[in-house]
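Student: when you get a sec, could you give me coordinates for this:
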Amino acid sequence: MDEIVYVIESAEDMRALGCKLGERMFPSAFIALFGGLGAGKTTLTKGIADALDITGILSPTFTIVRHHEGKLPLDHFDAYRLEDAGELSAIGFEDYLMGDGVIVMEWCENVPDALPEERLEVHIEGSGEDPRTVTLIPFGARYSEMLKEITIC
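Tutor: Modelled structure (predicted):
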């Protein structure tokens, strides 16, 4: 399946898109978020968490990863302050990849070598009060199937 592009008009719509994605999460899912400051990466993650019955999502900027328990565990990574994939390796990133939880990683552009071969990439363009262009790109059959079921109004 090819990429899907949405124009998102509000933070509520971004969170709703995240919820639609979250409803289709599976153990070991990896969601790679790309976008600048204020693009809506954490808002999208909150929507994913909503679908997993998880509250309390904050940007993990100063901690690299925050773990949350829900229908599926959610590990929320933020690679903003990382210079390379080696820094992720130093905190045991490979163990997270082998777990049964969902991984959502913000700022993937900073650690492209750390991304698993199979993943869903979410590229967000825009910030502030402007609409966002969100491009979903599946890498692997499970992610292509996931996107076939996504519809938003």
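Student: so which residues make contact with the helix or strand of the chain with the lowest mean pLDDT?
Tutor: Within the chain, no helix or strand scores below helix 85-89, which has a mean of 78 by mean pLDDT, DSSP states H and E. Here helix 85-89 makes contact (C-beta atoms under 8 Å, 6 or more residues apart in numbering) with 64, 77, 79, 82, 93, 111-114. The C-beta positions use only the backbone N, C-alpha and C, and glycine is treated the same way.
Student: got CSV for those, with pLDDT, distance to R24 and neighbour count too?
Tutor: Shown next, in CSV, are the contacts of helix 85-89 (pLDDT from 0 to 100; distance: C-beta to C-beta, whole Å; neighbours: other C-beta atoms under 10 Å):
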residue, pLDDT, distance to R24, neighbour count
I64, 82, 26, 19
F77, 89, 20, 27
A79, 84, 24, 26
L82, 77, 28, 18
F93, 85, 24, 21
V111, 89, 25, 21
P112, 91, 24, 12
D113, 90, 27, 9
A114, 90, 23, 21
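Student: which among the residues you listed gets closest to A29?
Tutor: Using C-beta to C-beta, F77 is the member of the contacts of helix 85-89 that lies nearest A29, at 13.2 Å.
Student: low-confidence stretches in this structure?
Tutor: 1, 60-61, 151-153 (pLDDT under 70).
Student: so which residues of it form helices?
Tutor: In the chain, the segments counted as helices under DSSP state H are 11-22, 41-51, 85-89, 93-97, 141-148.
Student: which parts of the least confident helix or strand of the chain are buried?
Tutor: With burial defined by 16 or more other C-beta atoms under 10 Å, the residues of helix 85-89 counted as buried are 85, 87-88.
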